[in-house]
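S.K.: how would this look folded up:
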Amino acid sequence: MTRIRTERSRARAIHEIETGLRTLSKGLRLLASNVAAPAGIAGAQARRRVSAALRLQGRYMGLIRTLPTKKKARVMAIRASKGVEQAIRLARELRA
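M.R.: Now for the predicted structure:
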């Protein structure tokens, strides 16, 4: 009688293990298919092009925000008179 119970419990345990392994295998397959999908496609679609003027503006702002007030005023005056490119050159010189 105990031998029958032991065999049944073993059979049930084996069945549960097999079911768990099938579930794990299915999950791993899904994970592998998601990982293998090219991630660059989604990133390329979401990325927007930045115009040259906006890029210059970003460089200018990044350089000028770290300057002290007097140097900042000097760079801003150059920008008003000679343009952004000259202001960026001066800000790089003053930064050092």
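S.K.: report the secondary structure state of T66.
M.R.: coil (DSSP: H, G, I helix; E, B strand; the rest coil).
S.K.: name the nearest residue to it, ignoring sequence neighbours.
M.R.: Distance criterion Cβ to Cβ, 6 or more residues apart in numbering; nearest residue to T66, sequence neighbours excluded, is R95 at 6.7 Å. C-beta here means a position set from N, CA and C on the backbone, and glycine is covered the same way.
S.K.: ok, now which ones touch the one you found?
M.R.: By Cβ atoms under 8 Å, 6 or more residues apart in numbering, the residues touching R95 are 63, 66-67.
S.K.: by neighbours, which of those wins?
M.R.: Ranked by the number of neighbours (other Cβ atoms under 10 Å), the contacts of R95 place L63 first, at 19 neighbours.
S.K.: show residues contacting the strand or helix carrying that one.
M.R.: For L63, the element it lies in under DSSP states H and E is helix 52-64. Outside of helix 52-64, the residues within contact range by Cβ under 8 Å, 6+ apart are 50, 72, 75-76, 79, 84-85, 87-88, 91-92, 95.
S.K.: what mean pLDDT does that helix get?
M.R.: When pLDDT is averaged over helix 52-64, the result is 93.
S.K.: again, but for stretch 13-27
M.R.: Mean predicted confidence for stretch 13-27 is 91.
S.K.: using PDB, list the CA coordinates for it.
M.R.: C-alpha atoms of stretch 13-27 as PDB (Å, rounded to 0.1, in the frame of the first residue of the first chain):
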ATOM      1  CA  ALA A  13       6.100  15.000  -8.900                       C
ATOM      2  CA  ILE A  14       7.600  14.000 -12.200                       C
ATOM      3  CA  HIS A  15       4.500  15.400 -14.000                       C
ATOM      4  CA  GLU A  16       4.800  18.700 -12.100                       C
ATOM      5  CA  ILE A  17       8.400  18.900 -13.000                       C
ATOM      6  CA  GLU A  18       7.700  18.300 -16.700                       C
ATOM      7  CA  THR A  19       4.900  20.900 -16.700                       C
ATOM      8  CA  GLY A  20       7.300  23.400 -15.000                       C
ATOM      9  CA  LEU A  21      10.000  22.700 -17.600                       C
ATOM     10  CA  ARG A  22       7.600  23.200 -20.500                       C
ATOM     11  CA  THR A  23       6.400  26.500 -19.000                       C
ATOM     12  CA  LEU A  24      10.000  27.600 -18.500                       C
ATOM     13  CA  SER A  25      11.000  26.500 -22.000                       C
ATOM     14  CA  LYS A  26       8.200  28.500 -23.500                       C
ATOM     15  CA  GLY A  27       9.100  31.600 -21.500                       C
END
